[in-house]
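Visitor: Here is a sequence together with a model predicted from it:
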Amino acid sequence: MALLGFFGKEKKESLDKGLEKTKESVFLKLSRAVAGKSKVDDDVLDKLEEVLVSSDVGVDTTLKIIERIEKRVARDKYLNTSELNTILKEEIASLLEKNQADSGLDFSASLKNKPHVIMVVGVNGAGKTTTIAKLAHQYKTAGKSVLVGAADTFRAAAIDQLQVWADRVGVPLVKQQMGSDPASVAFDTLRSAVAASAEVVIIDTAGRLHNKINLMNELSKIKRVMEKVVPEAPHEVLLVLDGSTGQNAFEQAKQFTSATDVTALAITKLDGTAKGGVVIGISDQFNIPVKYIGVGEKLDDLLVFNRFEFVDSLFSSGQQGLGK
């Protein structure tokens, strides 16, 4: 299985660096799991299960991965422990296949809809505002005209922060006063986008989960209003999750996917955590493609997710095999 070739060298280096903490943690644990072992046996598989669960892959997804490796062991009769990281890469990439967003898709790819409307959801603190800024920057850098709408009117800080980022990126922001109707902001944003022939519209929404019914009603209303201006909008509902929260990110995903039709995921803050395995578990458990991953603070540090590149960065090492 060819694992490389999608990213340029610079982006692959950013991914490697961003996943460094997770990778170091995983490799240390894997090395201990296979210490003194020459072949993959039940004991190694038990320890591998512990490694994956402790890396926040999640129990259900871990069991799927172990089952796949058990089948490989049964089929091949003898697997050397030095091959374990290669097998892991292959089986995890295969597991994620059904949830892969358009492979190789980047920000310069042509869009089916004009404007292409992205509604961004997620709890406050997950990196929603910076993800919107990074998306706007990436699309703008790719030559597309971008408009951002500040429909998180629940917090004045959310509007102010978005304005700072919009100014930094150099894209227009449509906003109203704090406490305004979020659907009204979304309506104005789309009207402005159509008038200006904008190609990409990114709408921020409130990130509170204390009352799921209110959240559901609010997001539904925003959608209905947007459809009046741009039929079938939003074309994408992007849920932003903080990867550093590990299992808590699963709970957030559960809450938001039950409140609205999430079509894609962005998992942020992977550079500051050893819990990068959460990307694998969330993608598998929710059957929603991980479209973007955040691996740093810079505007270019939002990468289009590619499962091959991801598992290669996570499970490759300078070592020539774990068992050696």
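Guide: It's in.

Visitor: can you give me the strands in the chain?
Guide: 116-121, 146-150, 173-174, 200-204, 236-242, 264-268, 290-294, 302-304 (DSSP state E).

Visitor: List the neighbouring strands of the shortest one plus their orientation.
Guide: Each strand pairing with strand 173-174, determined using DSSP bridges, is listed with its direction: strand 146-150 (parallel).

Visitor: and the angle for the partner strand with strand 116-121?
Guide: Here the directions of strand 146-150 and strand 116-121 differ by 30 degrees (axes from the mean of the first three to the mean of the last three Cα atoms, to 10 degrees).

Visitor: Just to check, residue 305 is in contact with residue 290?
Guide: Yes - judged on Cβ atoms under 8 Å, residue 305 makes contact with residue 290 at a distance of 4.6 Å. From N, CA and C alone the C-beta is placed, and that goes for glycine too.

Visitor: What ranges in the protein fall below the confidence cut-off?
Guide: Residue ranges of the chain with pLDDT under 70: 1-8, 78, 99-105, 209-211, 317-324.

Visitor: residue ranges for the helices of the stretch 151-300 of the chain, please.
Guide: For the stretch 151-300 of the chain, helices defined by DSSP state H, counting those that start in this stretch occupy the ranges 156-169, 182-196, 212-229, 247-259, 278-286.

Visitor: picking that back up, do you know which of the strands of the chain lies nearest residue 138?
Guide: strand 302-304 (6.3 Å; Cβ to Cβ).

Visitor: roughly how far out does that closest one sit from the chain middle?
Guide: Strand 302-304 has its C-alpha centroid displaced from the chain centroid by 8 Å (Cα atoms, centre = their mean, to the nearest Å).

Visitor: If you count contacts, what does that strand end up packed against?
Guide: Here strand 302-304 touches helix 9-18, helix 128-141, strand 290-294, going by 3 or more Cβ pairs under 8 Å, 6 or more residues apart in numbering; DSSP states H and E.

Visitor: Residues in contact with the shortest one: which ones?
Guide: By Cβ atoms under 8 Å, 6 or more residues apart in numbering, the list of residues contacting strand 290-294 from outside reads 15, 18, 99, 101, 127, 130-131, 134-135, 238, 243, 264-271, 279, 282-283, 301-305, 310.

Visitor: likewise the second one?
Guide: The set of residues that contact helix 128-141 without belonging to it, under Cβ under 8 Å, 6+ apart, is 107, 118, 120-122, 146, 148, 158, 161-162, 165-166, 168-171, 199-200, 202, 204, 207, 238, 240, 266, 268, 292, 294, 297, 299-302.

Visitor: Narrow these to those that are buried.
Guide: 107, 118, 120-122, 146, 148, 158, 161-162, 165-166, 169, 171, 199-200, 202, 204, 207, 238, 240, 266, 268, 292, 294, 299, 301-302 (16 or more other Cβ atoms under 10 Å).

Visitor: burial measure for residue 290, as a count.
Guide: Neighbourhood size, residue 290 [other Cβ atoms under 10 Å]: 25.

Visitor: Got the domain ranges for the protein?
Guide: 11-100, 116-305 (automatic domain parsing).

Visitor: Please work out which of these is packed deepest.
Guide: domain 116-305 (a mean of 20; mean count of other Cβ atoms under 10 Å).

Visitor: How far away from the center of its chain is that domain?
Guide: Worked out by Cα atoms, centre = their mean, domain 116-305 lies 12 Å from the chain centre.

Visitor: Now do the end-to-end distance for it.
Guide: Using Cα to Cα, to the nearest Å, the gap from the first to the last residue of domain 116-305 comes to 19 Å.

Visitor: mind listing what the closest residue to residue 292 other than its chain neighbours touches?
Guide: Using Cβ to Cβ, 6 or more residues apart in numbering and skipping residues adjacent in sequence, the residue nearest residue 292 is residue 266, 4.1 Å away. Taking Cβ under 8 Å, 6+ apart as the criterion, residue 266 is in contact with 127, 131, 238-241, 290-294, 302.
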